[in-house]
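>>> Task: produce atomic coordinates for the following.
(chains A, B, C and D)
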2 protein chains.
Amino acid sequence: MRWTPQRRTVVEVLAGTNGHITGAELVEACRSRDAQTIPSTVYRTLDVLEELGLVRHGHGADGREEFHVGPGEAHGHLYCAACGGRWEIRDDQAKAIVGAFRAADGFEVDLSHVTVVGRCADCAARP
Amino acid sequence: MRWTPQRRTVVEVLAGTNGHITGAELVEACRSRDAQTIPSTVYRTLDVLEELGLVRHGHGADGREEFHVGPGEAHGHLYCAACGGRWEIRDDQAKAIVGAFRAADGFEVDLSHVTVVGRCADCAARP
DNA sequence: ATCGCTATTGCAATGGATTGCAGTAGCAAG
DNA sequence: CTTGCTACTGCAATCCATTGCAATAGCGAT
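Residues are numbered from 1 along each chain as shown, chains lettered A, B, ... in the order given. Okay, here's the model as predicted:
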C-alpha cells in the first residue's frame, strides 16, 4: 500500500470524524483541506480502508453510503423515518437479530451493514 | 388522482411483475412498452403508488431502490454478499426483530424497508 | 541516488435517482 | 361541449457513486 498525499488527506479527515459520515460529506470535507480532491479517489481510498478494517460502510435510510469510522465492534443503525433520529443498535438487540438468522438458516448477518427503518417510540406515540 | 397513459404503462408493467423490481429495471421495462418513457415520471408514479399502498420500496444491498409489488404482508429481505442470493425474511424471524426493538425501545420497525446483508449458510460454510 | 514496476491518480463518461419549472392535458363542473 | 383548475408530464440540471483508461508517482531494489 502506498502512502500518497490524497490518502493522507482522507485519513486525516476520517481521524477527525466522530462516528458516521456519508461519502459525499467526506468528499466535501476533503475538499476543504485540499481543493483538488477527486471523488473517485476518495471512494477508492475508502474501499482499501474498508479492506483493512479501518472503516465499515452501510447504507442509510435513503440508500446512500454511510461510513462508520472504526475500529470497534460492528454495529447496525436505527433510523426514525418520522423525526430523522438515528441510533446505534444495542448489543442485546443485535444478538437477537443475529441469533434469529443463525439459528434458523445458518445465515451470518453482517451487522455493520444493517439499517433498520421505522418510527421511534416518541414518533410512534404521536401519530 | 389522474389516470394518464404514462401511469397506465407503469401499472401494467408492475402488474406483470412477480415480486421485486428495481427502479432502473422498471424504467427499462416501461421503455419497452412505450419508448417515450421518462424516468422522473416513473419514479414519481412510484411515489404515488407507494402512498396508496400498492407498492413498497426498500433498498437492496447496494443501496439501490427496490420495489416490492403489493399488496400483501410487508417483509424484509436477506441478501448474501458472497453468492448474491436473495430471500424474503420469514415471519418468525421478522417477529424476532420487530419484537426486540418494540420491547426494548418502543421502536416500530418498518419491515418492508429492512435489508439484511451477510453470508448464507452455504457461503458461510465454504470460506 | 537512480531505476523500474505497478499501485494510484485524474479525468471523463456512465448510471441511477431526484428536483424545479414551464407547459400540457385530465377531469369535473357548468 | 366548453371551460378552468391544477395534477401531471417532459426536460434539463444536479447529485451521489462507479468505472475504464492513460498518465503519474510511490517505494523497494540495485
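>>> outside of stretch A:29-44, which residues touch it?
A:5, A:6, A:9, A:10, A:12, A:13, A:17, A:21, A:23, A:26, A:27 (C-beta atoms under 8 Å, 6 or more residues apart in numbering or on different chains). No exception for glycine: its C-beta is placed from N, CA and C like everyone else's.
>>> Please compute how far that stretch lies from its chain's middle.
18 Å (C-alpha atoms, centre = their mean, to the nearest Å).
>>> touching DNA strand C at all, it?
Yes - applying C-beta under 7 Å from any atom of the strand, one finds stretch A:29-44 in contact with DNA strand C at A:36, A:37, A:38, A:40, A:41, A:44.
>>> now for those, which pair is the farthest apart?
Between any two of those, the greatest separation by C-beta to C-beta is 15.3 Å, found for A:36 and A:44.
>>> Compare those two (neighbour count), which wins?
residue A:44 (14 against 11; other C-beta atoms under 10 Å in any protein chain shown).
>>> What are the buried residues along the helix or strand that one falls within?
Secondary structure assignment for residue A:44, by DSSP states H and E: helix A:39-51. Applying a neighbour-count criterion of 16 or more other C-beta atoms under 10 Å in any protein chain shown, the buried positions in helix A:39-51 are A:41, A:42, A:45, A:46, A:49.
>>> Could you export the residues you listed to TSV, including columns for pLDDT?
Compiled in TSV, the buried residues of helix A:39-51 are given as follows (pLDDT from 0 to 100):
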residue	pLDDT
A:41	98
A:42	98
A:45	98
A:46	97
A:49	96
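>>> Mind picking the one among those that's closest to DNA strand C?
residue A:41 (4.1 Å; C-beta to the nearest atom of the strand).
>>> And the strands in chain A?
A:20-22, A:55-59, A:65-69, A:77-80, A:86-88, A:108-109, A:115-119 (DSSP state E).
>>> contact partners of the second one?
With contact meaning C-beta under 8 Å, 6+ apart, strand A:55-59 is reached by A:14, A:46, A:49-50, A:65-70, A:74, A:76-77, A:112-115, B:59, B:62-63.
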